[in-house]
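1. I'd like to go over a predicted model; first the sequence, then the structure.
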Amino acid sequence: MSEIDNLKTMNAFPVPAEQTHLTHPKYRADIDGLRAIAVLSVVGFHAFPDWIRGGFVGVDVFFVISGYLISSIILSSLEKGTFDFFEFYARRVRRIFPALILVLAASFLLGWFVLLPDEYKQLGKHMTASAGFVSNFFFWQEAGYFDNAAETKPLLHLWSLGIEEQFYIIWPLLLYFAWKWRLNSLGLVTAIIAASFAANVSLSQSDTIQTFYSPLSRFWELLMGGILAHLVLKKISLRDKATQMLNTLLGKASADSSPTSVLQCNIQSFSGALLIGLAVLLVTKNKVFPGWWALLPTVGAYLIISAGQHAWLNRVFLSNRVLVGIGVISYPLYLWHWPLLSFARIMEGGTPSIGMRLVAVSLASLFAWATYLYIEKPLRFGKPDGSKVVALTVLMVVLAALGYAAYVKDGYMDRIPEHAQGEVKSLGNAKFWEAWPHCEGDNVKNGPGGCRIMDPGRAPDVALLGDSHAMQLVFVLDDIYRPLGKNVIVMANPGCVPLLGAINPCSGYMNKALYEAMNSPNIKTIVLSNYWAIYIQRADWLSHTNNPSKEDALKRADDYGNAIYLTLSALVVAEKHVIFMVDPPELYFAPEECFPIRPVYLPNHTFRTPCAVDRAEFDTRTEEYHRVIKQARLDYPMVKFIDSYKYFCDKKYCYAMIDGKLLYRDDNHLNSAGAHYLANKIKDQVLQ
C-alpha cells in the first residue's frame, strides 16, 4: 500500500486510540490537495514573481485550512470532555518543531559560510524570533514584506508560522473557557471574526505593514476555518430554518446526498476554486493586502472545504495522487523553498537565473520529501513519547540561543578572510552614532529635542532634520561645523519625512521637530535631508507599493511638492538659513556586487564593473523628483539646494567606488568614507 493510501486510512493526526484524548477529524485527501494548491502558489510566487504575481495568497488558504482542522480537534474533544491542553500542545510540538528545527539549523550553518557579518547578525536575530514564534513582530518593525531587502532574509517566510502558533496558543484557551462557562462558542467565533476583519480593513488604509504581520488583523482568516468547524460539528442540532439559511449563506454542505445537495456542493467547490484563481491572477504585491482582497482566497478555501469530499472537484481533482502527495509534504516544502531561493539570490548578488531558481525549487522539493520521510513522520506519527517533546523543545531553545549569540557577536567578523575585512567593515558601517554615544545608539530616540553632537550642554546653532539619509550626514556636518565651533542638533529617525503636511508614519514627530527648530532663537541654519525620491518614484507609506504608475508618480510628486512649498515657506518666514540636501544617487544594486568578499558564490558569478549605475537610468528613475526640486529652486531662490548626486556622477555613470574607495554601505546609504568624501566636496557651498 502506498504512503497516500496509508494516509487515507488515518485521521489527520493519527495515533493509537488508547493513547490519545483528542478527537481528530476524519482524514480528507481533498484538504491535502488544497494544501498542495496553496504551497505551489506560494513557491511559484517566490520563484517566479513575474509569472505568478498573486501566489502569496496561498498563505491565506493555509490559514483557513489550519483554522478548520485545529478548531475541529478542539471542539469535538471539548464536546466529548476529552480535551487535554498538555496533549494538544505536545502534538503541536511534534507537528511543527522537527522540520522547523532542521531548516533553522541548515540556514544558520549555510549562513556561516555565505553571509556577511551584518547579514549573519540579522539571521541570528530572525532565528531567535522564529524559534520563539514571534518573527512576525520583528519583520513588522523592520520593513515591508515586498521590499527588496525582504528577498535577502532567508527566514522571512516564517512570519506566517508565528501567526499560526500565536493562534494555537490563544484559541484553545478561549474555546475552553467558553465551553466551561457554557458560552455560545459560535457567537464567540463570529464576534472575533468581525472584530479582526474590521481591524484588517481599518489598518490596511493606514499601515499595510502592520496589517500584514499583525495577528490582530490576521486571526479572522484562521477563524474562517474555525466557524466552518463549528457548523460541521453542530449540523445535527442546528436544524431550524433560520440556521439552515445561515448554513446555505456560509456555504455549509448538507450531509445528505440528494441531487440538490450534490449540485450545491459542486457549485460551492467550483466557486471556491474560482475565487482562489481570481486571487492568484488579480492580487499583486502592489495591492493593499490583506484588506478586502483577502476575502478572495479565504472565502474560496472556505467554500472548497465546506463542499465536502463528494464534490467533483474535491473528489477527482484535489484528491488525485500527485496533489495529495504534494500536500503531504507542503509544510516542509514551505519551510525549505524560501531559504534556498534567498541564499541563491544572496550568492548571486541579484535575481538568480531561471535555471538556478528551478534548481532551488527542485532541491526544496527533494529536501521536503526527505524531511517528511525521515524526520517528520517518525517524530509526528510514531508512538507518543514525552521525551521526544522535551528533546525537540531543548533543541529549539539551543537554536534560539545560537541565534542570539550571533546577534550579540555582530555576526562574527572573524569568519571573513582578513584581506576582505576592510571592505566588509565599509559595508557594515551603519553605526554613525558610535562616535556620539550620548545619542543612544543608531537612532535619535530622545524625542524632538534631538541629539547635540558636538556639545550636549550647549545650545545648537544648526539643526539637521530627516530620516536615515539625514543620519548619514552627521559625519558631513561634523566635518564642516566643528572647526567653526558650532553645535549641530540632529532630529532624525528612519522613515521620517521632514516636511509639514507629508503623510508618513512619524509626521507627528517631524512636525514637532520642525516647529522646535523654527522657534529656537539659537538655531540659525536648518538642514533638510531625506530619501526624497523613494516616496515619489518607488514607494509610499500608505500602500508600500513599488514602481508606481506614471500617474501615481505624478500625483505623489505634486503632493510632496506641496509639502516642500509649505515647509520652505514656514522656514523662510522664520528667517532661517535653509539648506536642502538633494540626495546622492541610489545605486539599485548592492555594493558588495563589486568585489569578492563572500567565501562562496554561485558558479559563473560575475562582479559589477564598473561599480556604478548608468547615469541615464538614474536620471529616468528620479525624473519626477528632480522636476519637483527644479520648481522649488525657482520658488525659493533664498534656499540653498545642494546637489549631492553631482559629486558621484559623470555623464555616463554614478559611482559607488571612486579612486578605489567604496563610498556606500548599501544601495542608498553612504558609509563613513562616502560621508567624509561628500563633506570635502560641499563644504564651501554649505558655508557660503
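-> Yes, it's here.
2. C-alpha from now on. contacts and neighbour counts both.
-> OK.
3. just for this structure, where's the confidence low?
-> 1-23, 143-149, 235-260, 382-385, 417-449, 503-505, 536-554, 602 (pLDDT under 70).
4. Could you chop it up by domain?
-> Using automatic domain parsing, the domain parsing of the chain gives 3-408, 424-585+614-652+672-687.
5. can you point me to the longest helix in the chain?
-> When the chain is parsed with DSSP state H, its longest helix is helix 85-114.
6. Quick one: name whatever helix or strand follows that helix.
-> helix 117-131 (DSSP states H and E).
7. tell me the angle the helix or strand following that next one makes with helix 117-131.
-> Sequence order places helix 135-142 as the next helix or strand after helix 117-131, per DSSP H and E. Angle, helix 135-142 to helix 117-131, by axes from the mean of the first three to the mean of the last three CA atoms, to 10 degrees: 140 degrees.
8. Give the buried residues for helix 135-142.
-> By 16 or more other CA atoms under 10 Å, the buried positions in helix 135-142 come out as 135, 136, 137, 138, 139, 140.
9. ok so, going back, in the longest helix of the chain, what counts as buried?
-> By 16+ other CA under 10 Å, the buried positions in helix 85-114 come out as 88, 90-105, 107-108, 111-112, 114.
10. And for stretch 51-58?
-> Neighbour count says stretch 51-58 has 52, 53, 54, 55, 56, 57, 58 buried, by 16+ other CA under 10 Å.
11. Export the domains of the chain as a markdown table, with columns for distance to residue 659.
-> Listed next are the domains of the chain as a markdown table, based on distance: least, CA to CA, whole Å:
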| stretch | distance to residue 659 |
| --- | --- |
| domain 3-408 | 23 |
| domain 424-585+614-652+672-687 | 11 |
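12. Enumerate every residue touching residue 476.
-> Residue 476 makes contact with 675, 676, 678, 679 under the criterion CA atoms under 8 Å, 6 or more residues apart in numbering.
13. In helices only, show me the residues you listed.
-> Using DSSP H, those in helices are 675, 676, 678, 679.
14. now the residues you listed in a markdown table, with distance to residue 363?
-> Listed next are these as a markdown table, based on distance: CA to CA, whole Å:
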| residue | distance to residue 363 |
| --- | --- |
| 675 | 43 |
| 676 | 46 |
| 678 | 46 |
| 679 | 49 |
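15. still on that earlier bit, just the closest of the buried residues of stretch 51-58 to residue 156, please.
-> residue 56 (12.9 Å; CA to CA).
16. That closest one against residue 42, yeah?
-> Yes. The criterion here is CA atoms under 8 Å, and residue 56 meets it with residue 42 at 4.8 Å.
17. which neighbours do those two share?
-> With CA under 8 Å, 6+ apart as the test, residue 56 and residue 42 reach no residue in common.
18. still on that earlier bit, kindly indicate which of the ones in helices among the contacts of residue 476 lies nearest residue 310.
-> Using CA to CA, the ones in helices among the contacts of residue 476 come closest to residue 310 at residue 675, 67.7 Å.
19. can you tell me which helix or strand the closest residue to that closest one other than its chain neighbours belongs to?
-> Nearest non-adjacent residue to residue 675, counting by CA to CA, 6 or more residues apart in numbering: residue 476, 5.5 Å away. Following DSSP H and E, the helix or strand that holds residue 476 is helix 474-481.
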